[in-house]
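# Kindly return the folded structure for what I paste below:
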Amino acid sequence: MEEPCGAGAAAPLRGDAEEPKQGSVLFLGGNEVKSSAVVKYSSAPPQAAFARLQEKTDLKLPPANWLRESAKLGPAGTTILGNSKKSKPFSSFGMAYDFIDSVGNDVDVVSDSENIKKLLKIPYSKSHVSMAVHRIGRTLLLDELDIQELFMRSSQTGDWTWLKEFYQRLIDQKWQRKKKSKEHWYQKAILSKFLYYSINGDGAAQPVPSTSKQHQEGPVAGESDEAGRASWPAPFEMPSSLSEDPGASNQGNVPLEPSYIVGHVASAPKEQNLTPLFNDGENSQGLKNDFVRNILWTFEDIHMLVGSNMPIFGGGRYPAVSLRLRDNNKPINVLTGIDYWLDNLICNVPELVMCFHVNGIVQKYEMIKTEDIPNLENSNFSTKVIKDIAQNILSFLKSNCTKEGHTYWLFKASGSDIVKLYDLTTLCEETEDKYQNPFTMPVAILLYKVACNMMLKKNQNKKHYGTIRTLLLNCLKLLDNGRHPQIIASANYMLSELFQLDEPKKEDSTDFPINGNSDESYSEEEEEMPDSDENGSYSNSSDPPDDNKAVAIIKSVGELSVPEKYKSVHRIRPSCAFPVCHGTEERCRLVLNHVLEGLKSVDSSVKKEGDLPAADPSTPIPLKYEDESTSGGPECLEKQMALFLDKMGSFQKGKHSSQSGMIPGSWQYKMKLQLILKSSKAYYVLSDAAMILQKYGRALRYIKLALQCHDTYCCLCGSMLPEVLMFLCQCLTLCGDIQLMLAQNANNRAAYLEEYNYQTKEDQEILHSLHRESRCQVFAWATDLSTDLEYQLSVSCKCYEAAYEILLFSNLKKENPEQHIQVLKRMGNIRNEIGVFYMNQAAAVQTERVVSKNVSTTEQQLWKKSFSCFEEGIQNFESIDDATNAALLLCNTGRLMRICAQAHCAAEGDFKREFSPEEALYYNKAIDYYLKALRSLGKRDVHPAVWDSVNWELSTTYFTMATLQQDYAPLSRKAQEQIEKEVSEAMMKSLKYCDVDTVSERQPLCQYRAATIHHRLASMYHSCLRNQVGDEHLRKQHRVLADLHYSKAVRLFQLLKDAPCEFLRVQLERVAFAEFQMASQNSSAGKLKTLFGALDIMTKTKGAFQLIRKELVAESEQISKDRSPAEGVSPSDSSVGLNKEEVLKLLSIFESRMSFLLLQSIKLLTSTKKKIGGINEEEVVLKTNKQVYSLLLRATANKGLTLLERTDLILNLLEQLAPNSEGSNRGIQ
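Residues are numbered from 1 along each chain as shown. All right, here's what the predicted structure looks like:
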């Protein structure tokens, strides 16, 4: 025999990759019909010529090789007699399993060629039609539903009685088994003998096995029902791989090999590993694909996967022909013609060889081309009409067979014109258990296989996720957990895999079309019936009593010949959109729901329930809440951490144990591992989402569940995959983050505790499943909610350290540099947090220490802890070249050194207080750390804010050190000159790092600091000048420096709007400096010049007094407002508030100095006037000064003046003096 589409070597095994062999496209009947065929699989041997029989050959005599197995004939020789086929109710399923890629997408119909022919002959034939129809995606599976055989079985087993009764009501008569006539078997036998003669039988064929002989006898004689029992399965037969005792048989058979990587769909179970799930059951269910050829036949726009057993001969002049036997006395009718034509089209055979006989005696042979068959005498038919019939039937079925997983029955009674479609699944469920329908299992398995196949495609687009989800949901509807735990667990796992947990939320709505009803968008009650007037085919108002049970009716077979009479109104998969999840939590909850269902299936199939301690899934498993009084603190944590790392090491050695008694390598074991890992991932994502929402209690609860899942995974799994270790590292890192946030938000602890202790029923049930395998306590140290701040910070640090250890010992550091950097950054950060915590504690202890002069050991311990934390943190940041953070930690270390320095200063009230060497040592250490921080940054551009902060701290340290040396001069150890030199140097360095020019929030502070430094330096030089005797050059130098620093201090204080007292004090010191100079002057002119200079300084304080007045007015207004009950004024509206004591003190000094200067000026001006005579300008000045002096004396004498009144008076006096001071200056010069 020969394949129709080219020379054939040995046929490949079904399922092997095979180059499809393209058939020719035939344009038949005046370009009316397009047909092409591609052989997807063929078990036929290379083509062989047929033996042309001699005339007068008697076909009633059997050939020597009759009924022996023949590769050339395939099953055709024997099946013609009906001995092995009987009817194959699941033949389409066998093909669908083998060509799973085609199902649901590309192919419209999968069926036996005999069923296709029977459907296309409906309008021409009076015979009955009974077919089962199933829908998978856009594909329809058609199988013969042999009612006679079904009911014959029913009478023996009692199954299908509901359908039997329904059928009897339908045709209104008692069912009886019809026996085939002797003529029928005679014709079959002659055809069989003819085919054996035609294959050059040389007697060498092997004898037919004895069992086949029995089969051959049975149907012919009508005595045996063996064949009937073999071809129809029981309503439900459990495949041996899913037998009652999972502990025995099925744990050894491992069909699933899910080497999934966390969260990746591409890693669904490999097809070759999925198939064995059902292999044991397939043959027993009659699901074997035993066609000689599987052909992808395209008829017009209809794509069909067709099984055919027709023998094809070739060789010589005819590359491919089909062989037919005809009785010369009987003309060919239309039905036979259509049969021959369709067979040749489906198998792409261009010619037909007809052998005519009379009473079994061969007469002649005739050659007919395929395209000529429709025009044979007595067998005329229109190919266009056949095309219309095909399109109408397909549209009718697609419009009405809408529910995936349901079994539909297409039925036409013998001699009737009405074709009806029933939903057997619905009818069955109304009366009996759904497993009374023998199609339930094959359909469920096919739905599952199609979904698996779609999952496996690496280039799969997300748009197919909705399709996969619907296939799996429909598969689950058909299955019973007690009977099919493996498929249910696997389907639920795949459903959970469809939800991508590690993707941004926005993708939910962009990738998937939004469809509110997407969950079951095409499989619930939504068969939209078109108008009956327009298309009468859907009417349910016919006479028979059970018509109301029909899904749809074709009133007359004649309608099928009308072009486009039936249009498919129901798209086969309208919009199986993926469900839109409004947020991460919803998505994760869907995942966990599927995981839980999967876990339940696995757990229910593991028998060793009795060995487990009884646990009620509805009872919450307490989440351990630990108070600081019971937690052993950081030391206890160290032990737990060591145990954990020891355990992590043991994972590498391949130890594993399951409390429930699951056998490693069994399907339950492998599936549970994947489900646990998936739940862990979902809880991690939930925790991360809660963290973003600042729900830290909830976040800790979820990460606890994630780690408990991981712990169980570790207990079961012998070796840890790098991806799994990587995920554990991420979990621990997140746990560390949460513990840190809980520590930083201690004021909300009650709310967090409530969140932490809440549990959903789903979470409890998942935990219950986890506790079947392990105690889930390995990570308890990391996930307890403590009330102790130090403990929380320590836990956070240990989490990061554990994550880092995992990266180190699993060699994941190089493969995941980003994660490595993140963990080190977090370690650096938490060590900084702990360092700051200990540093603040030390500062608090220091504040409380009043009496004792000595530094306590507690303080020293805290310093050491803080210092070591900072040091480790700096190393962490330096190891990843994070200069900015390293600089911040160096800055904090500097701050710690300053706290140490402060601790070493003597107790308050000690009049002998001196700046100690210990203070100097620690301040210098602080300076070293700040300078290191600046070196770490390199330049300001790296991080301006940090750079400015370090500069400010450095300036502050120099300033503090200089101030302490100045205020508490260590005269017992150093000379005055050396101290002054050191103070001067420190102050100048402080000025160097104090940036007064850069505009920033800190600029006013820097200006105030610089002004204060200049003021202090000026005061120091002023003091030196007062106390110094001798070296004139040095005195002059000090005078110049004092003057310079005073003027700089004044200029800077003038820029500030909130330092009037400081400005006033500097100006008063300048006045004192002038007075000191005046005392050493001898000439009146010199003295006058100095006096007027001093008065000029005083008049320039007007701005400071105006600021003081403004503050005082605002304060008095505020007081009056506060007294008035009608107006409620918030405290924020009040002024900053002055230090009134300071103002009073300065005002008194100011009044006395002003009085002194005015008196001196009046004396000097009077004496000069006597000597020189009248100078008009000086007279005016003298007059003004006298007037001002008089007013000032009266004011100081009046003790009843308020501060505001005194300030107003001073402003008034300064106003009067101002023009004179300028004039007098001009006059003197």
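
# Every contact and neighbour count from this point should use C-alpha atoms.
Will do.

# mind giving me the domain split of this structure?
Structural domains of the chain, as assigned by the TED database, span the residue ranges 35-171+288-445, 584-607+637-814, 1059-1118+1141-1219.

# next helix or strand past whichever strand or helix holds residue 551?
Using DSSP states H and E, residue 551 falls within strand 550-554. Moving toward the C-terminus from strand 550-554, the first helix or strand encountered (DSSP H and E) is helix 584-605.

# who touches that next one?
Where contact means CA atoms under 8 Å, 6 or more residues apart in numbering, the residues beyond helix 584-605 that reach it are 246, 481-482, 485-486, 488-493, 495-497, 499, 501, 505, 581, 668, 671-672, 675-676, 678-679, 682-683, 685-686, 689, 762, 765-766, 769.

# Same check on stretch 699-708?
Residues outside stretch 699-708 that contact it (CA under 8 Å, 6+ apart) are 679-684, 686-691, 728, 731, 734-735, 738-739, 755-757, 767, 770, 776-780, 783, 785.

# Could you export that stretch as PDB, CA atoms only?
Below are the C-alpha coordinates for stretch 699-708, written out as PDB (Å, rounded to 0.1, in the frame of the first residue of the first chain):
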ATOM      1  CA  ALA A 699       3.200  42.400  56.500                       C
ATOM      2  CA  LEU A 700       4.900  40.400  59.300                       C
ATOM      3  CA  ARG A 701       2.000  37.900  59.400                       C
ATOM      4  CA  TYR A 702       2.300  37.300  55.700                       C
ATOM      5  CA  ILE A 703       6.100  36.900  55.700                       C
ATOM      6  CA  LYS A 704       5.700  34.500  58.700                       C
ATOM      7  CA  LEU A 705       3.300  32.400  56.500                       C
ATOM      8  CA  ALA A 706       5.700  32.700  53.600                       C
ATOM      9  CA  LEU A 707       8.600  31.500  55.700                       C
ATOM     10  CA  GLN A 708       6.500  28.700  57.300                       C
END
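
# Please narrow the contacts of helix 584-605 to those residing in helices.
485-486, 488-493, 495-497, 668, 671-672, 675-676, 678-679, 682-683, 685-686, 689, 762, 765-766, 769 (DSSP state H).

# would you say residue 39 is within a helix?
No: judged by DSSP: H, G, I helix; E, B strand; the rest coil, residue 39 forms no part of a helix; its state is strand.

# Verify the stated contact: it with residue 298.
No: with contact defined as CA atoms under 8 Å, residue 39 and residue 298 do not form a contacting pair (11.5 Å).

# Neighbour count: the two, which is higher?
Set side by side, residue 39 and residue 298 show more neighbours around residue 39, with 25 against 20, by other CA atoms under 10 Å.

# pLDDT score assigned to the more buried one?
Here the pLDDT value assigned to residue 39 is 88.

# which residue packs closest to it, ignoring adjacent ones?
residue 295 (4.4 Å; CA to CA, 6 or more residues apart in numbering).

# Specify the local secondary structure of the one you found.
Relying on three-state DSSP, one would call residue 295 strand.

# list the contacts for it?
Residues in contact with residue 295 (CA under 8 Å, 6+ apart) are 37-41, 304-308, 346-347.

# For residue 662, which residues are in contact?
The contact partners of residue 662, by CA under 8 Å, 6+ apart, come to 606, 668-669.

# please redo it, this time with the cut-off set to 6 Å
Residue 662 makes contact with residue 669 under the criterion CA atoms under 6 Å, 6 or more residues apart in numbering.

# for it, phi and psi?
When read as degrees, to the nearest 10, the backbone of residue 662 gives phi -70, psi 140.

# related to what we said a few turns ago, distance to residue 913 for the domains of the chain - can I get that in JSON lines?
Output for these, formatted as JSON lines (distance: least, CA to CA, whole Å):
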{"stretch": "domain 35-171+288-445", "distance to residue 913": "92"}
{"stretch": "domain 584-607+637-814", "distance to residue 913": "36"}
{"stretch": "domain 1059-1118+1141-1219", "distance to residue 913": "25"}
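
# Tell me which of the ones you listed sits nearest to residue 561.
When these are compared for distance to residue 561 using CA to CA, the nearest one is domain 35-171+288-445, at 5.2 Å.

# Output the below-cut-off pLDDT ranges for the stretch 301-450 of the chain.
Within the stretch 301-450 of the chain, the set of residues satisfying pLDDT under 70 comprises 315-318, 430-436.

# where along it do the helices fall?
Counting by DSSP state H, counting those that start in this stretch, the segments of the stretch 301-450 of the chain that form helices are 334-346, 383-400, 424-431, 440-456.

# Leaving out chain neighbours, which residue sits closest to residue 1107?
When the adjacent residues along the chain are set aside, residue 1107 lies closest to residue 1060, with 6.6 Å between them (CA to CA, 6+ apart).

# Quick check, the one you found in contact with residue 1103.
No: between residue 1060 and residue 1103 no contact is recorded; they are 8.1 Å apart, counting by CA atoms under 6 Å.

# Of those two, give the one with the bigger neighbour count.
Neighbour totals were compared for residue 1060 and residue 1103, and residue 1060 leads with 20 against 16 (other CA under 10 Å).

# Just the pLDDT at the more buried one, thanks.
Looking at residue 1060, its pLDDT stands at 85.

# Please apply the same query to residue 733.
Taken from the predicted model, the pLDDT recorded for residue 733 is 94.

# Skip the chain neighbours and tell me the closest residue to it.
Once its chain neighbours are removed from consideration, residue 733 has its nearest residue in residue 800; the separation is 5.5 Å (CA to CA, 6+ apart).

# ok, how many other residues are close to that neighbour?
For residue 800, which is what you asked about, the neighbour count (other CA under 10 Å) is 28.

# Just list the residues touching it, thanks.
Contacts for residue 800 were tallied using CA under 6 Å, 6+ apart; they are 733, 736, 827.

# Tell me the most packed of those residues, by neighbour count.
Ranked by the number of neighbours (other CA under 10 Å), those place residue 736 first, at 31 neighbours.

# which ones are touching that residue?
Residues counted as contacts of residue 736 (CA under 6 Å, 6+ apart) are 796, 799-800.

# now the closest residue to residue 900 other than its chain neighbours: how far from residue 933?
Spatially, and ignoring its direct neighbours in sequence, residue 900 is nearest to residue 922 (6.5 Å; CA to CA, 6+ apart). In this view, residue 922 and residue 933 are 17 Å apart by CA to CA, to the nearest Å.

# Comparing the two, which residue is more hemmed in?
A direct count of neighbours by other CA under 10 Å for residue 922 and residue 933 places residue 933 higher, at 28 against 21.

# if we can go back for a sec, state the mean pLDDT of the strand holding residue 551.
With pLDDT averaged residue by residue, strand 550-554 scores 81.

# so what does it touch, helix or strand wise?
With contacts defined as 3 or more CA pairs under 6 Å, 6 or more residues apart in numbering; DSSP states H and E, the secondary structure elements packing on strand 550-554 are strand 419-423.

# Give me the angle between the strand it packs on and strand 550-554.
Here strand 419-423 runs at 160 degrees with respect to strand 550-554, directions being taken by axes from the mean of the first three to the mean of the last three CA atoms, to 10 degrees.

# the inter-axis angle of strand 419-423 versus helix 383-400?
In this structure, strand 419-423 runs at an angle of 30 degrees to helix 383-400, with the same axes, to 10 degrees as the basis.

# Mind listing what's buried along strand 419-423?
419-423 (16 or more other CA atoms under 10 Å).

# Tabulate those in CSV, adding columns for distance to residue 1161.
Putting the buried residues of strand 419-423 into CSV (distance: CA to CA, whole Å) gives the following:
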residue, distance to residue 1161
419, 132
420, 130
421, 126
422, 126
423, 123
